[in-house]
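1. need a 3D model of the sequence below.
(one chain, ligands or ions: 2)
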Amino acid sequence: MKMLRCRICGETYLGTEVPSHCPFCGAHREHIVPAPEYPADINEVQLAEVERGDLETSIELERSNTRFYLGMAQHKDEHVLSSTYKRLAKVEAEHCELFCKLAGLEEPEDLDVPEEVSDDWCANIAESVKREQRASRLYRQFAERATNERIREVFDAVSVVESDHIELDGETSSYAGC
Ligand SMILES: [Fe+2]
Ligand SMILES: [Fe+2]
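-> Numbering: from 1, shown residues only. Ligands and ions are numbered 1, 2, ... in the order given. Below is the predicted model:
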């Protein structure tokens, strides 16, 4: 059993192999390092004003998406889809926590409160695609204009994760027969 740690979310993964994606935040395997190599001060960053604003936008985006997916997960008529979106809600909540940590802010209090969503899986999945496209595009833009290396690393990695979620929506959409 190895002690592995994700440079993006900071969570520790216990396993024998480096996973393809961080099970907590979805970052790709190149961001997962032996735990002793994880710098203790990784999130101690001096933020430029634009970076602070971008983190605040990101916290709000992840808060909204977490709650949207919790809403989808509440629809138990389809257990494969509801468990998939429950997991996705946890990934987005992890992103929210990460952005809060970097901004030095408290996590939103309603992060575990499901949003009201449609009863129609296909409509919700279509909405998810829009949300993930927006997230991926915004984070790419935030990474490009970041002056701090750590902030750029995080936005780059999370932008890729959000693109992966668009692919996931493709899978769930065909599973649901949309
Ligand atoms: Fe992670
Ligand atoms: Fe996402």
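2. enumerate the residues of the protein near ligand 1.
-> Residues of the chain lying near ligand 1 by CB under 5 Å from the ion: 6, 8-9, 22, 24-25, 27. Heads up, the C-betas are built off the backbone N, CA and C, glycines and all.
3. so which residues of the chain form strands?
-> 2-6, 12-15, 32-34 (DSSP state E).
4. most tightly surrounded among the ones you listed?
-> A comparison of the strands of the chain by mean neighbour count, using mean count of other CB atoms under 10 Å, puts strand 2-6 on top with a mean of 18.
5. average pLDDT for that one?
-> Averaged across strand 2-6, pLDDT comes to 97.
6. what is the neighbour count of residue 92?
-> Residue 92 has 29 neighbours, counted by other CB atoms under 10 Å.
7. by proximity to ligand 2, which residue of the chain wins?
-> When distances are taken as CB to the ion, the chain reaches nearest to ligand 2 at residue 165, 3.7 Å away.
8. and the longest helix along the chain, what does it pack onto?
-> Secondary structure of the chain per DSSP state H: the longest helix is helix 149-176. Judged by 3 or more CB pairs under 8 Å, 6 or more residues apart in numbering; DSSP states H and E, helix 149-176 is in contact with helix 49-73, helix 79-103, helix 121-145.
9. buried sites along it?
-> Of the residues in helix 149-176, 150-166, 168-169, 172-173 count as buried by neighbour count, 16 or more other CB atoms under 10 Å.
10. do the same with stretch 125-134
-> 125, 127-128, 131-132.
11. likewise for stretch 74-92?
-> Residues of stretch 74-92 classed as buried under the neighbour-count rule (16+ other CB under 10 Å) are 75, 81-82, 84-85, 88-92.
12. just flag the most distant two among these.
-> Using CB to CB, the buried residues of stretch 74-92 span at most 18.5 Å, a distance reached by 75 and 91.
13. what residues does this structure put near ligand 2?
-> Contact residues (CB under 5 Å from the ion) of the chain with ligand 2: 132, 162, 165.
14. so the first one is in contact with residue 169, correct?
-> Yep, that's residue 132 we're talking about. Yes: here residue 132 lies in contact with residue 169, judged by CB atoms under 8 Å, at a distance of 6.6 Å.
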